[in-house]
Structure formats: structure tokens, C-alpha cells
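Enquirer: would you be able to build a 3D model of this:
(one chain, ligands or ions: 1)
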Amino acid sequence: MKEVRFGIIGLGNMGAAHVGFIKNIPRAKIAALCDIDKAKVDALAAKNSVKAYYDGVKMIRSGDIDAVIIATPHYDHTPLAIEAFKSGVHVLTEKPVAVHKADVQKMIDAHKKSKKVLFSAMFQQRTLGHYRKLKQLLDAGEFGEVRRVNWIITNWFRTQRYYDSGGWRATWGGEGGGVLLNQCPHNLDLFQWLFGMPSKIRAFCKVGRYHDIEVEDDVTAYCEYPSGATGVFITSTGEAPGTNRLEITCDRGRVIVENGKIAFNRTESSVSEFCKTTDKIFETPQMWNVDIPYQETGSAPAHQKIIENFVGAILDGSELLVHGEEGINSVELANTMLYSSMKDKTVTLPLDAGAYAALLKGLVKTSKFKKKEIKSGAVNLGSSFGK
Ligand SMILES: NC(=O)c1ccc[n+]([C@@H]2O[C@H](COP(=O)([O-])OP(=O)(O)OC[C@H]3O[C@@H](n4cnc5c(N)ncnc54)[C@H](O)[C@@H]3O)[C@@H](O)[C@H]2O)c1
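Expert: As a prediction, the model looks like this:
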């Protein structure tokens, strides 16, 4: 294969943008487009001189494409990806990989069976220079042992008008959650990529705290890690001005990641050693400030970098930046936070996927989102709630 023939399913905000990204990538071309909105796909397909499909399964099975980008609302990521794996089509799915853990597991199982195709996910924030540098330094142990992680991400402000724009958003039936499923999958992916998975979570998720919606728009989660480290993850779509501040307390000082900068307050010696050995009563270790430099890899938009990497992995066998299987972690974090809050208890990970699916199924029954609001979608395609 000399170039990758892409099909895109779902041509809304994100899918339409992917059309533009693919056009910029050598050795990639758009071969087919699909949406359940006929007028939308007809217009975009005509503009790009490619075939229009109104059914994702038909496009996947057509033989017209080598790889598919799935950019539909989240519930449909699962059945479409599974169909692609069965048909020998490479999959790059939008985030979140799926709505709940049991659905991601089904995708992973189908991918394992397919053997010869790749599975990746659009976690484009992993390409950002400051996060890549931070991961490199954390993995190398440059900051000493991580003791505490505090991430406040409240710069996802959304208005009531945004939520009232209707459709699948901010409903249990159409989306399967609120800020944790829509805005935060990127942060939750970085959270697990940088610090691993916690062993326990106690969360408080407020449903409709700032908006008239049926899902959560405000979250405070306390996490415990196998190492003994602790973490707090706070997010909201109702605060302005918002903050995006990641503060990591380590044995060799404190790292603050904010506004694209990595600021390290480095201690002269190990804080734990100093604490145990000093003969002073109120003194703290000597410390100095370091602004850690980093470089971006090229100037392409982050989404485009993920697609470029995916193309390279298909054609040259190069390493994927994001393995789709890893998407289970951010989904599990989101699900566990919701489960902990709704059951009013601390949850030990791994999360019982069946128990969460049952909880979600109950919420979907009460959802104001009804099937007819989109002609196709989760329910028609058969995304399941697992057992
Ligand atoms: N990576 C990112 O930065 C990013 C940003 C925005 C959205 N997203 C993700 O992209 C996905 C889509 O979000 P959006 O904001 O583009 O939504 P959107 O509502 O703007 O677009 C969704 C499109 O999918 C179509 N659609 C729905 N069900 C379909 C089906 N079964 N088959 C074919 N087409 C179908 C709709 O008609 C619509 O055109 C979501 O999963 C979202 O989380 C990712």
C-alpha cells in the first residue's frame, strides 16, 4: 500500500475538520464520506469528489477505504469500530473511545481478533510539547517520587445555549455523561498517561449544578495510587474565568504546568531525607526555580499530527502515539468518578464494568434523549450496556 484511503463517519464539528487535516497529509487521501444527514454528506462529498454514504457499515464494507475515522457521537464509536475490525479496516476513533468500560472491552476484543489492522484514538493533546516533555521527565524520575497530583481544569466553560442546541449532547441516552465524557477525556487520558491508574477513587459529581442538564457539569475526585501518592481532579463547565493548572508535588520539589509552561521549584535535596535528617525545627530545604524548556514537533495542528502518525504506522510500521486500547483508562476513570458519586462510596479499581453498565442503563431509561432525535445512532446500531 502506498497511500491510505480514508473514510470518515460523522461530518459534524470534528469530522468536517478531519477532512481538512487529511488533505494536508502526504500519502493519505479521502476516499469516502459518511453521515446520516444526507444533505451534509452530499455537499461535502461533492466538494471533495468522493462517494457519499449514509450508512457507516456500508462504507466500511464497501472496499473503498483502508482506514476509518469515527467522528460520530460517542455511543456509535463501539459498533462502528467493531464492524471495521471485522472488515479489516484500520480504526482511528474520536475520544472518548466509548461511553463505558464494557463497550471499550468489546472493541479491544474485536481488535485482538482482527490481528492485522491498527487501532488508534484521537488524543491529540499527547502531541503537545509541554505534556511530552513532562512525561519524559516523570518517566525518567527527574522530579523524584510523585507524592500528590492536583489538576484543576475549569476552563471548559459552556453556556446554557450550548446545551440547549439540542440533540445528543449532555444526555444519558445520547452522550452517556457530561463534562467527564465530552470535555475531559483528553485530561483524563493525560492523567493516566502521566501518572498511571489510581487504585481508589472517591468522587462528587454534581448533576446540573450550573446548567439545566441531566448530566454532570461539576466534578471533584480524590484518587489514591498504589505508590501511596494521592491526587485531586477537579473540573467544571460552569466557571469563568477557568483554570487549567496541574500541580505535582514530588520528592525533589514541585512542578506546575500552566499556560503551556513547566515551572519546577527544585529542592537542593530529597524532601523526605531532609525531613528525617535535619536538626532544624521550622526550616524547609533550599530550592530554586527552573523553567523547563521544550520543543514542539512541527507546526501542524495536533489532530493532524495524530492522523499523520496513524498513516506512518499503517504504511511504515512506525510506533503509534496512541494505542486505541489505552482509551479504556480514561473511560474507566470517567465511569468510576460517576459511579463513586452516584453510589456515594469509595470505589476500588478496576471498576466492575457490568455494574457500571447497569447503572448507566438505568440512567438512559430516564433520559430525555429519545431515539428519534437522530435517525441512526447508539440505539439503532446496537451499542450495548454490557453484562
Ligand atoms: N478530539 C477532539 O478535539 C474533539 C473535538 C470535538 C469533538 N470530538 C468528538 O467527535 C465526536 C463528534 O463530535 P462533534 O462535536 O463533531 O458532534 P456533531 O454533533 O457536531 O457531529 C456529529 C455528526 O455525526 C453524524 N452522525 C450521528 N450518528 C451517526 C451515525 N451513526 N453514522 C453517521 N453519522 C452520524 C451527525 O449527523 C453529525 O453530522 C464526539 O465523539 C466528540 O467527543 C473530538
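
Enquirer: which positions in this structure make contact with the ligand?
Expert: 9-15, 34-37, 40, 56, 71-74, 76, 94-95, 122, 124, 182, 374, 376-377, 381 (C-beta under 6 Å from any ligand atom). Bear in mind the C-beta positions are built from the backbone N, C-alpha and C, glycine included.

Enquirer: identify the bridge partners of residue 152.
Expert: Residue 152 has these beta-bridge partners by DSSP bridges: residue 234, residue 245.

Enquirer: can you give me the pLDDT of whichever residue of the chain sits closest to the ligand?
Expert: Of all residues in the chain, residue 12 sits closest to the ligand, at 1.7 Å by C-beta to the nearest ligand atom. With respect to pLDDT, residue 12 scores 96.

Enquirer: OK, contacts around it?
Expert: Residue 12 makes contact with 35, 71 under the criterion C-beta atoms under 8 Å, 6 or more residues apart in numbering.

Enquirer: neighbours around the nearest residue to residue 237 once chain neighbours are set aside, how many?
Expert: Sequence neighbours aside, residue 158 is the residue nearest to residue 237 in space, at 4.3 Å (criterion: C-beta to C-beta, 6 or more residues apart in numbering). Neighbour count of residue 158, defined by other C-beta atoms under 10 Å: 20.

Enquirer: what's near enough to touch residue 158?
Expert: Neighbour list for residue 158: 183, 211, 217, 237, 238 [criterion: C-beta under 8 Å, 6+ apart].

Enquirer: mind checking which of those land in helices?
Expert: Of these, none are assigned to helices by DSSP state H.

Enquirer: now residue 67: closest residue in space, sequence neighbours ignored.
Expert: That would be residue 90: by C-beta to C-beta, 6+ apart, it lies 3.8 Å from residue 67.

Enquirer: roughly how far does the one you found sit from residue 84?
Expert: To residue 84, residue 90 is 7 Å away according to C-beta to C-beta, to the nearest Å.

Enquirer: could you do residue 308 as well?
Expert: Separation of residue 308 from residue 84 (C-beta to C-beta): 20 Å.

Enquirer: please say which of these two ends up with more neighbours.
Expert: residue 84 (31 against 21).

Enquirer: so what's that one up against?
Expert: 60, 68, 70, 90, 91, 117.

Enquirer: mind checking the SS state of it?
Expert: Following DSSP: H, G, I helix; E, B strand; the rest coil, residue 84 is assigned to helix.

Enquirer: from residue 316, how far out is it?
Expert: Relative to residue 316, and taking C-beta to C-beta, residue 84 is found at 21 Å.

Enquirer: got it, and residue 1?
Expert: Residue 1 sits at a distance of 10 Å from residue 316 (criterion: C-beta to C-beta).

Enquirer: stretch 358-370: how far from the chain's middle?
Expert: Centroid separation between stretch 358-370 and its chain, computed with C-alpha atoms, centre = their mean, to the nearest Å, is 22 Å.
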